[in-house]
Each structure stands twice: as structure tokens, then as C-alpha cells.
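Trainee: Predicted coordinates and the sequence they were generated for:
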Amino acid sequence: MYLLRLALASLANRRFTAFLTAFAIALSVCLLLAVERVRTEARASFAATLSGTDLVVGARSGSVNLLLYSVFRIGNATNNIRWDSYQHYAQDPRVKWAIPLSLGDSHRGYRVLGTDHNYFEHYEYGHHQHLALAEGRPFADDPFEVVLGAEVAEALHYHLGDKVVLAHGVSTISLVKHDDKPFTVVGVLKRTGTPVDRTLHISLGGMEAIHIDWQNGVPARGEGRVSAEQARHMDLTPNAITAFLLRLNSKVTTFTLQREINDFRGEPMMAILPGVALQELWSLMGTAEQALFVVSAFVVLTGLIGMLTAILTSLNERRREMAILRSVGARPWHIAGLLVAEASALAVVGIAAGVALLYACIAGAQGYVQAQYGIYLPLSLPSAYELSLLGLILGCAVLMGTVPAWRAYRQSLADGLSIHV
């Protein structure tokens, strides 16, 4: 205990250098824990991009590809699904609700999604959170109404009542636009931190209306064109959709219905479990995830090396101090123990300050991070894994403290009292 008191007194005597060293360790510890917590919660938030859905159904392709275009709005479907195939399963008594999804158009780089009222009632993300409107209302009977995701409205400065012209295809710059059938903004969704924020939502009837006079992927010209007013009075039931989401009445029937859909004879379709596909997709990004952790670990190592450098640098200045301690009865292992205690004290203070700084950052940025990126950072106690990381950092600091301790141990009394020119 007296060695610890002596070490603290010695650090207090060199308070400025000790403060900078502990502060460097605190920053590196805070960064490591922040990266680890964000990494953990990002994985959880990624897995919760879509919740409350038992099956995602689309044209037969790869599970990751189906997940990418139906949930993340990335890429394109290999084929569409007939409307009667969707109705066949939407009306199945085992199905609680079904949400149709129709993709293919865009607006200034943002994807357009055609769906129905079930999307606003049943679509869930995160911890079973439902979509909510920041202003306005969902689209209704008029096919030319659009509900914007939060990011779309903010980035493009759209407000209720503004007119929006959609474009055919998904490129940023499209040469074919539906200028004759503009949509009116009737609602803006609250931010979710999911691909919903980057999506324009229209009704299936609206998706059908803007393509009703198209033939073989080309808009009609002259007398063959159908105006927006004419389209409002036409049958806008879609012939095909891109994919659909299913929620079942019982989880027990999930695998049975999945096999039935995969073996459906009407047309080639595939049903996937979103949780499994999300984990498969996340595993593809595992290299970047681990690289981020390695970088933060090297930052911690740099902080500990800085501590080692500070102690080693001070050794030459403290030779006379060590010699005086030896002359009053201190043994070599006392001197070594003193330096190890100093390194341990610096590490403990740095780790404690780093944890405190982490919680201060989380408290200040928690709401913003959740709103902007959909990542919830809880103010919870450190997990067992985080505690093991902190223990490892402390162990490395003590181990590094043995280097200057060994050098001090080998210094003799005569060397400490001699005059160096």
C-alpha cells in the first residue's frame, strides 16, 4: 500500500505529464469501447432493419439478392411475380397480413416503392416499431399521391403539396420521365434509420397508372397516350409486383409455407427468412467490421506505448530520486514495484476516464445517432466482453510497466549518486 501512496505522490509531483499520459489512454479506451459498442449495436440494428415479418417472397434468385432489392432497395429483381400468385398467398388462412412491393422507378436517385395501406399499418423495423408520419397522411384513393421518406424530404426540400415527377428506371439521371403524371406529396414519414428514409412511397394503382400506356418498355406517343385524368378512371389493378412480405398467424407454419412457396407450380418463386438472410448479408461485411476493431485496438496500443515512453523518459531524470530511496533502505524490487504501481495507476485512471467519456458521448449523441442512423446506443453497464477488454488493457499496461521497472531495478546506488557530464 505504501508503494501505491508513493507512486501517487510521485505522479502528483509530475502532474502535467501524468495528466497528458492518462488523457491519451482515456481517449484510446473511449475510442475502442465506442467502436465495439457501435459495432455490436450496428449488427443488432442491421438485423432489425425488418422486424415482424416471417417471410420475404420474390422471384427465384439468391436469398441475399432478394433481401437487397426488397428491403434495402439495392439492385433489381430477376423477374416479377404475377398478381394472382400474390393474392393466392395473401388470402391463405395461415397468413396474418401481406404487404405487396413493386419497384422499378426512381426520383433523383431515390427509389420509388409501390405498395398498399398494409405497408403503413403493419411494416415494422427495429424493436417492433411501426412507421409513423411526421406530417400529412398516407396516400388514399387518388393514385397520384406520394409519401416521402424522411431523408428524401430533407435532402430535396420537399413539403406537403409539392409536385414530384418520377422517372423510369433506377439511375440518378433518367432520360425517360413521367412528366404527364406528376405526384402530389401528401405525407412525410418520421426518420427510421432504415432504407424507408430513402424511399418514395406510392400506391400500387399509382405505379400502374404511370405505366398504363407503356408498351414493351416504351411510352406510347400521340393518340395512344393516356392522361392522368383518364388513368384515374381506369382499372389500375396491377398485373405483377416485385415481391411481398408475409406475417403468419403461427410461427410453427413458417417452414411449411416456405417450402410450399419454393415448390409453387404456378411460377418460380422463393421465400426466405429475413433474419437468416440478414445474418448472411452481415457476414459478407465481416472483414470491414474486424478491420475497424483492429484499428481501434492499435490506437489503444499507441496510448500505452505513449505511457511507456513517458515513464522511460523520466527515468534518466529520476536517477537521483531512485538512489536516495535506495540509500534510505529501499530494495531494488521496491524501486521496480514503484514504477509498476505508477504504470498501473496511470492505466486505471485512464481506463476510468475513458469509460466516463464514453458514457458522456453516448448520453449526448444517443438521440441523434438513433434518428440519423437507426442505431440505438444504450447507457448500460459494460458487458462481460467490454470488461474483458478493459482487463486486457490494464494487464498490458502493467506488463509495459515492467520494462522501466527492470531498468530501474538494474541501476545501482553508485550509478544514481554519480555525476554525469
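Mentor: It's in. Numbering: from 1, shown residues only.

Trainee: For the protein, give me the ranges with low pLDDT.
Mentor: The chain contains residues with pLDDT under 70 at 1-11, 13, 171-175, 216-224, 285-286, 314-335, 371-374, 408-421.

Trainee: Which residue ranges make up each domain of it?
Mentor: What automatic domain parsing lists as the domains of the chain is 2-46+286-417, 50-284.

Trainee: now these as JSON lines including mean neighbour count?
Mentor: Heads up, the C-betas are built off the backbone N, CA and C, glycines and all. Putting the domains of the chain into JSON lines (neighbours: other CB atoms under 10 Å) gives the following:
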{"stretch": "domain 2-46+286-417", "mean neighbour count": "17"}
{"stretch": "domain 50-284", "mean neighbour count": "17"}
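
Trainee: Against E135, how distant is G161?
Mentor: Applying CB to CB, to the nearest Å, the value for G161 to E135 is 11 Å.

Trainee: contacting residues for V71?
Mentor: The contact partners of V71, by CB atoms under 8 Å, 6 or more residues apart in numbering, come to T49, L50, V56, P195, P274.

Trainee: Tell me what P100 is bridged to.
Mentor: F244 (DSSP bridges).

Trainee: is it true that it touches D116?
Mentor: Yes - using CB atoms under 8 Å, P100 makes contact with D116 at a distance of 6.1 Å.

Trainee: Need the overlap of contacts for those two.
Mentor: Joint contacts of P100 and D116 (CB under 8 Å, 6+ apart) are L204.

Trainee: what helices or strands is the helix or strand that contains Y86 leaning on?
Mentor: Y86 belongs to helix 83-90 when assigned by DSSP states H and E. Applying 3 or more CB pairs under 8 Å, 6 or more residues apart in numbering; DSSP states H and E, we find helix 83-90 packed against strand 95-101, strand 240-241, strand 243-248.

Trainee: of all the ones you listed, which lies closest to V300?
Mentor: strand 243-248 (43.0 Å; CB to CB).

Trainee: Direction-wise, compare that closest one with helix 83-90 and give the angle.
Mentor: 20 degrees (axes from the mean of the first three to the mean of the last three CA atoms, to 10 degrees).

Trainee: Break down the stretch 151-300 of the chain into its helices, ranges please.
Mentor: Taking DSSP state H, counting those that start in this stretch, the helices of the stretch 151-300 of the chain run over residues 204-209, 228-232, 254-262, 274-284, 286-317.

Trainee: Just the helices from the stretch 1-150 of the chain, written as ranges.
Mentor: Ranges of helices in the stretch 1-150 of the chain, per DSSP H, counting those that start in this stretch, are 2-13, 15-47, 63-70, 83-90, 117-122, 150-156.

Trainee: For the shortest one, which helices and strands make contact with it?
Mentor: Secondary-structure packing of helix 117-122 (3+ CB pairs under 8 Å, 6+ apart): strand 95-101.

Trainee: Which one, of the helices and strands packed on helix 83-90, ends up nearest to I311?
Mentor: Of all these, strand 243-248 comes closest under CB to CB, at 60.0 Å.

Trainee: just how off-centre is the closest one within its chain?
Mentor: Strand 243-248 sits 24 Å away from the centroid of its parent chain (CA atoms, centre = their mean, to the nearest Å).

Trainee: Contacts for that strand, please.
Mentor: With CB under 8 Å, 6+ apart, strand 243-248 has contacts from 50, 52-59, 66, 69-70, 77, 81, 86, 89-90, 94-101, 103, 122-123, 254, 257, 271.

Trainee: Apply 6 Å and report the result again.
Mentor: 53-58, 70, 86, 94-101, 254 (CB atoms under 6 Å, 6 or more residues apart in numbering).
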